[in-house]
Each structure stands twice: as structure tokens, then as C-alpha cells.
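curious how this folds, go ahead:
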Amino acid sequence: MARTRWQTLVAVAVVVTAVAWSLLGVLRGQGLVPPPVSWPVVVVMLVIAGGVLRMGWAVRQFLQGRRPDLDPVRAARTAVLAKASCYTGASLLGWYAAQVLVVLGDLEIDSQRERAVAAGVAALGAAVLAVVGLVVEHLCRIPPPSDDAAEKGAPDGTDPAAI
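Now for the predicted structure:
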């Protein structure tokens with residue numbers, strides 16, 4: 001599995017922002033307004049980011065030999081969860097940024113200002129989720145095999161004749 005590039009996440013966030021901003025502008029022109037962003041959504045994103053970071057730290061300890069009891073399948077699932085967190089955070093960042101952009105011209109109205117602040121804080125929470133995903137992906141990276149393993153012919157360093 002290839003590492004996620006931060007440039008890809010920025011591109012996802014920008015594309016989602018543009019599409020959502022256009023869609024929300026059309027809906028707003030028709031008199032439809034999306035529901036306001038609730039504050040607990042930020043807490044949920046931060047709790048998820050904390051859980052992903054905790055799982056990534058456990059994988060890192062396993063890879064360094066400090067935690068031999070971790071299941072390798074759990075480590076692989078953690079890496080997949082980290083990648084999902086990256087893309088989810090980037091997508092949500094774009095969605096909440098679009099909500100801020102839609103009400104940017106009406107900040108003198110209290111309800112719109114509150115909507116912009118809540119969406120802005122949610123966008124920051126989504127950015128934290130994406131960054132944590134990138135960090136955990138890095139923590140789950142397996143070092144390349146040593147030269148000794150390559151000489152024996154097996155990717156994991158075992159001697160195929162010994163199996």
C-alpha cells in the first residue's frame with residue numbers, strides 16, 4: 001500500500017470545497033439552507049483522531065519490538081484506518097470550508113456568524129483528523145528489508161530451504 005501524499009489530500013480538500021461551495025450556493029439561491037454544524041461533531045472527530053493515534057502508537061511499539069503481543073492483522077488494519085482518516089479528514093475539511101465560504105458575505109448577521117464559526121472549528125477538527133492519519137501512516141511504515149534478508153531470497157528474511 002502506497003503512502004498517502006499530503007498534496008493529494010490538499011487536492012481532495014480543494015475539489016470538495018469547490019463542488020460543495022457550488023452546490024450550497026445553488027441551494028441557497030433556491031432558499032434552502034443546510035442544517036447548522038453542531039459542536040459535538042468536532043468532539044467526535046477529535047476522539048476518532050485520538051483513537052487512531054493511539055492505535056498507531058501501539059503499532060509503532062510493535063515494530064520496534066517493545067510490544068510483541070500485537071496481532072499483525074491489527075497492525076495492517078490500523079494502517080488502512082489511517083489512510084481512511086486521511087481522506088475522510090480532507091473531505092470533511094472541504095465540506096466545512098465550503099460552508100464557511102457560503103456565509104462569508106453575511107457575517108454581520110449573528111446566526112450566519114455562528115454558522116461560520118462552527119463550520120470553521122469543524123474544518124480545523126477535520127484537518128487534525130487528516131494530519132493524524134498521515135502521522136499514523138508514517139508510524140505504521142515497515143522498514144525495508146536488510147541486505148541479509150535479500151541475500152537469502154525471501155522477503156521476510158527467512159531461508160526458503162529451512163521451511
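
which stretches of the protein form helices?
6-29, 40-63, 72-102, 110-139, 147-152 (DSSP state H).

would you single out the least confident of those helices?
Ranked by mean pLDDT, these end with helix 147-152 at the bottom, a mean of 58.

so Q99 sits right up against P35, yeah?
No: taking contacts as Cβ atoms under 8 Å, Q99 lies outside contact range of P35: 10.3 Å. Where you see a C-beta, it was placed from the backbone N, CA and C, and this is true even at glycine.

the more surrounded of these two?
Legend: neighbour count by other Cβ atoms under 10 Å for Q99 and P35, higher for Q99 (24 against 6).

contacting residues around the closest residue to that one other than its chain neighbours?
Nearest non-adjacent residue to Q99, counting by Cβ to Cβ, 6 or more residues apart in numbering: A119, 4.0 Å away. Listed by Cβ atoms under 8 Å, 6 or more residues apart in numbering, the contact partners of A119 are 37, 96-97, 99-100, 103.

what's the spacing between A119 and W95?
Taking Cβ to Cβ, to the nearest Å as the measure, A119 falls 9 Å from W95.

and what of A82?
Using Cβ to Cβ, we find A82 at a distance of 21 Å from W95.

out of the two, which sits in the more crowded spot?
Shown here are A82 and W95; by other Cβ under 10 Å, A82 has more neighbours (25 against 22).

so what touches stretch 72-79?
1, 52, 55-56, 58-59, 62-63, 136-137, 140.

from those residues, list the buried ones, please.
Using 16 or more other Cβ atoms under 10 Å as the burial test, those include 52, 55-56, 58-59, 62-63, 136-137, 140 as buried.

which one of these is nearest C86?
For those, the closest approach to C86 (Cβ to Cβ) belongs to E137, at 6.9 Å.

now do the contacts for that closest one.
Taking Cβ under 8 Å, 6+ apart as the test, what E137 contacts is 3-4, 79, 82-83, 86.

sounds good, over and out.
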